[in-house]
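> Let me see the structure of the following:
(3 chains)
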Amino acid sequence: MFDRFLPKEYNFFGLLEKQAAFSAEAAKLFKDAVATGSITEEVLKQIQEVEHQGDEVTHEILEQLDKSFITPIDREDIHALAKELDDITDMMCTISSRMRIYKISGVDKYLVKFSFVIEESINGVLCTIRGLRDLKNVKTILRSCVEVNRLENVGDRMRDEALTELFENEKDPIKIIKWKEIYQEAETVLDICEDVTNIVESILVKNA
Amino acid sequence: MFDRFLPKEYNFFGLLEKQAAFSAEAAKLFKDAVATGSITEEVLKQIQEVEHQGDEVTHEILEQLDKSFITPIDREDIHALAKELDDITDMMCTISSRMRIYKISGVDKYLVKFSFVIEESINGVLCTIRGLRDLKNVKTILRSCVEVNRLENVGDRMRDEALTELFENEKDPIKIIKWKEIYQEAETVLDICEDVTNIVESILVKNA
Amino acid sequence: MFDRFLPKEYNFFGLLEKQAAFSAEAAKLFKDAVATGSITEEVLKQIQEVEHQGDEVTHEILEQLDKSFITPIDREDIHALAKELDDITDMMCTISSRMRIYKISGVDKYLVKFSFVIEESINGVLCTIRGLRDLKNVKTILRSCVEVNRLENVGDRMRDEALTELFENEKDPIKIIKWKEIYQEAETVLDICEDVTNIVESILVKNA
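Numbers count the residues shown, from 1 in each chain, chains lettered A, B, ... in the order given. The predicted structure is shown next:
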């Protein structure tokens, strides 16, 4: 019990960075696969493996958090960051799995664009997480936050465009069901990235 | 740093009221458009503008919250209220945008009913938020909470009726995809309104 | 006001157990109905009645929580558990209602399997909640947590298999819309069960 009150120095920043790095790795694998027009069984396995490793880091963070009495930044912010970073990699995994279930093949221009924007956004997230460790680089962190926000707006417009074209041109309702879901999930990744940077901005304000 | 400890009197109640008023404005625009059978580009822009203004108020609240050490009601309640009120206007915006993407036209009796119930519910929400400032009018606040809860149940039944009729009579799967989503999103607005009043009720109990 | 500071002994554990028992009851009704191939109006009413009773317990917990200054375990954990347990029963109710709206009839092997796994998982949840009262049986609680986690993975694979078969064999897009939703909602029940046990595990760590 008393252990909880000792300010053990758990490496929360390092663990959050690890999580964000796994998200970035999943995004890279996804982008490369989407450019070829399909998610192979092998790529899906790789993305699932990355997701699995990210999952373990998430559990480590949450457990350390429960064991720590003192945390370098607000406890609930670490908790929220760990959850959101986990959600990013999860969602990359979900889209990839769904693409295989739906036997999607063929390069789709919107999904290619999404895969680039997702990778950029997750790299922005990684920058903001790296910045947390040393809150002196506030300007650099904020620049990444603004960028991630911008990319979320880009994603919103891309999803609307993609859906507009889908409902205008596609006559096969089953294909509409599949692509509507994939575009929406792709956009959701960008939403979660923005959630991360909102938490980071909140940490900056509280520590200003 | 020391600034954070000064009980600066941020006007949280005024800002939350502003948010709720923007939600009400979006609901009014939506109701008027739905009665004509379509969301024009102009109406969509107006709703998006309202959503954008609401968004700025949300950010202001969250930032003030991070800067405040003392808050008039529990910090996490203000945070939750700001998020939920933001979600209401966001969802009004999403439905309107989706209706344009889906090229919905023609007056739909269920959507017309939903638009009335949504406006009523958001007005109820606005009442409860206005009441927060002076917790002496507990009875009036509670009456609005009960009403918003009632309207959520009305919405549940309406969505079920609308979906039943849709799946019974509509043979075009693409139309089913579109309307199923719109009815569900309309009902979601009422869910979020109920979430707001649940938080308000919790504030009342804690301050009883 | 002063009342809030008195450590009144509200029976949070008993109330949480009640909620979990209602979830288990809904799961049992659901499983029995799914085995016959349809949800009758009568069964739906029974499940809705259980959901309604669970709802009242949820409100009681949340209200007691607002009135209590001291709680036997972290306030936010009780709050989160009450919400998640409520969500389980809600989701059982939603699936059942949706099956009637969609006029689903005929035994579906995947849904039958899901109904068994859901019942098992909710029984696991009930065990972990019962264990909270006396945190000495940590091993027994943890065993149930591991089991609920395992069942969530089983559910993930089942949903993927069910969707794969659905999109391979079903040519009627309207049936795809219906079943896709039902399978996903069934899997969501297992996700929420896992959320409950994650909270329970966190309580164990904090009280170790």
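> Residues of chain A that sit close to chain B?
Residues of chain A lying close to chain B by C-beta under 8 Å from any C-beta of the partner chain are A:160, A:163-164, A:167, A:173, A:176-177, A:180, A:198, A:202, A:205-206, A:208. (Each C-beta comes from the backbone N, C-alpha and C, glycine too.)
> any chance of the residues you listed in a markdown table, with pLDDT, neighbour count and secondary structure too?
Formatted as a markdown table, the residues of chain A next to chain B follow (pLDDT from 0 to 100; neighbours: other C-beta atoms under 10 Å in any protein chain shown; DSSP: H, G, I helix; E, B strand; the rest coil):
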| residue | pLDDT | neighbour count | secondary structure |
| --- | --- | --- | --- |
| A:D160 | 98 | 16 | helix |
| A:L163 | 98 | 21 | helix |
| A:T164 | 98 | 14 | helix |
| A:F167 | 98 | 17 | helix |
| A:P173 | 98 | 19 | helix |
| A:I176 | 98 | 19 | helix |
| A:I177 | 98 | 19 | helix |
| A:K180 | 98 | 19 | helix |
| A:N198 | 97 | 17 | helix |
| A:S202 | 95 | 18 | helix |
| A:V205 | 91 | 14 | helix |
| A:K206 | 90 | 14 | helix |
| A:A208 | 80 | 12 | coil |
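> can you give me the helices for chain A?
With DSSP state H as the criterion, chain A has helices at A:12-36, A:41-67, A:75-101, A:109-132, A:138-169, A:173-206.
> check contacts around the residue nearest the centre of chain A.
Taking C-alpha atoms, centre = their mean as the criterion, A:I88 is the residue nearest the geometric centre of chain A, at 2.8 Å. Neighbour list for A:I88: A:S23, A:A26, A:I122, A:V125, A:V189, A:I192, A:C193, A:V196 [criterion: C-beta atoms under 8 Å, 6 or more residues apart in numbering or on different chains].
> returning to what we had before: among the residues of chain A next to chain B, find me the one that's closest to B:V154.
A:K180 (28.7 Å; C-beta to C-beta).
> how close does A:P173 get to C:K175?
11 Å (C-beta to C-beta, to the nearest Å).
> got a pLDDT number for the nearest residue to A:P72 once chain neighbours are set aside?
Once flanking residues are discounted, A:P72 sits nearest to A:F12: 6.2 Å by C-beta to C-beta, 6 or more residues apart in numbering or on different chains. The model reports A:F12 with a pLDDT of 95.
> Number of residues surrounding A:F12?
Counted with other C-beta atoms under 10 Å in any protein chain shown, residues neighbouring A:F12 total 23.
> surely it meets A:I70?
No. In terms of C-beta atoms under 8 Å, A:F12 does not count as a neighbour of A:I70; the distance is 11.1 Å.
> before we move on, back to that, for the residue nearest to A:P72, what are its contacts?
Contacts of A:F12 (C-beta under 8 Å, 6+ apart): A:I61, A:Q64, A:L65, A:T71, A:P72, A:I73, A:I78.
> next one: A:V112
A:V112 makes contacts with A:V34, A:A35, as judged by C-beta under 8 Å, 6+ apart.
> swap in the one 4 residues further on?
When contacts are counted by C-beta under 8 Å, 6+ apart, A:F116 touches A:K31.
> follow-up on the earlier one: among the helices of chain A, which comes closest to C:V148?
helix A:41-67 (14.8 Å).
> for the closest one, packing partners?
For helix A:41-67, the packing partners by 3 or more C-beta pairs under 8 Å, 6 or more residues apart in numbering or on different chains; DSSP states H and E come out as helix A:12-36, helix A:75-101, helix C:173-206.
> With distance to A:V112 as added columns, please give those in TSV.
Converted to TSV, the helices and strands packed on helix A:41-67 look like this (distance: least, C-beta to C-beta, whole Å):
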stretch	distance to A:V112
helix A:12-36	6
helix A:75-101	13
helix C:173-206	25
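> To B:D32, which of those lies closest?
helix C:173-206 (31.1 Å).
> Direction-wise, compare that closest one with helix C:12-36 and give the angle.
Orientation of helix C:173-206 against helix C:12-36 (axes from the mean of the first three to the mean of the last three C-alpha atoms, to 10 degrees) gives an angle of 150 degrees.
> Sort out which residues of helix C:173-206 are buried, please.
Going by neighbour count (16 or more other C-beta atoms under 10 Å in any protein chain shown), the buried part of helix C:173-206 is C:173-174, C:176-183, C:185-204.
> ends of stretch A:58-77, how far apart?
14 Å (C-alpha to C-alpha, to the nearest Å).
> starting at the chain centroid, how far to it?
20 Å (C-alpha atoms, centre = their mean, to the nearest Å).
> same check, this time on stretch A:187-207
That offset, for stretch A:187-207, works out to 11 Å (C-alpha atoms, centre = their mean).
> and it, is it in reach of chain C?
No. Stretch A:187-207 does not reach chain C (C-beta under 8 Å from any C-beta); its nearest approach is 14.7 Å.
> Point out where chain A drops to low pLDDT.
Per-residue confidence for chain A (pLDDT under 70) gives these ranges: A:1-9.
> Run through the residues of it sitting next to chain C.
Counting by C-beta under 8 Å from any C-beta, chain A sits next to chain C at A:1, A:4, A:62-63, A:66-67, A:97, A:101-103, A:173-174, A:177-178.
> Swap in 10 Å and give it another go.
Residues of chain A found near chain C (C-beta under 10 Å from any C-beta of the partner chain) are A:1, A:3-4, A:59, A:62-67, A:76, A:79, A:94, A:97-98, A:100-103, A:172-178, A:181.
> Restricted to buried residues, select those residues in ChimeraX.
A single ChimeraX command selects the buried members of those (16+ other C-beta under 10 Å):
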select /A:62,64,65,66,79,94,97,98,100,101,102,173,174,176,177,178,181
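> shouldn't A:I104 be in contact with A:T40?
No. Contact criterion C-beta atoms under 10 Å: A:I104 and A:T40 do not qualify, at 11.7 Å.
> Neighbour count: those two, which is higher?
The neighbour count for A:I104 versus A:T40, taken as other C-beta under 10 Å, is higher for A:I104 (19 against 11).
> Please report the distance of the more buried one from A:C93.
For A:I104, the distance to A:C93 - C-beta to C-beta - is 15 Å.
> now do A:L126
A:L126 is 18 Å from A:C93, by C-beta to C-beta.
> can you check A:G106 too?
For A:G106, the distance to A:C93 equals 22 Å [C-beta to C-beta].
> quick one, which of the two is more surrounded?
Higher neighbour count among A:G106 and A:C93: A:C93, with 21 against 7, using other C-beta under 10 Å.
> For that one, which non-adjacent residue is spatially closest?
Closest to A:C93 by C-beta to C-beta, 6+ apart is A:E51, at 4.2 Å.
> show me what contacts the one you found?
A:E51 makes contact with A:22-23, A:25-26, A:86, A:88-94, A:96-97, according to C-beta atoms under 10 Å, 6 or more residues apart in numbering or on different chains.
> who's in contact with the closest residue to A:L163 other than its chain neighbours?
The shortest distance from A:L163 to any non-neighbouring residue, by C-beta to C-beta, 6+ apart, is to B:I101 (5.2 Å). By C-beta under 10 Å, 6+ apart, B:I101 lies in contact with A:R159, A:D160, A:E161, A:A162, A:L163, A:T164, A:E165, A:L166, A:F167, A:E168, B:K178.
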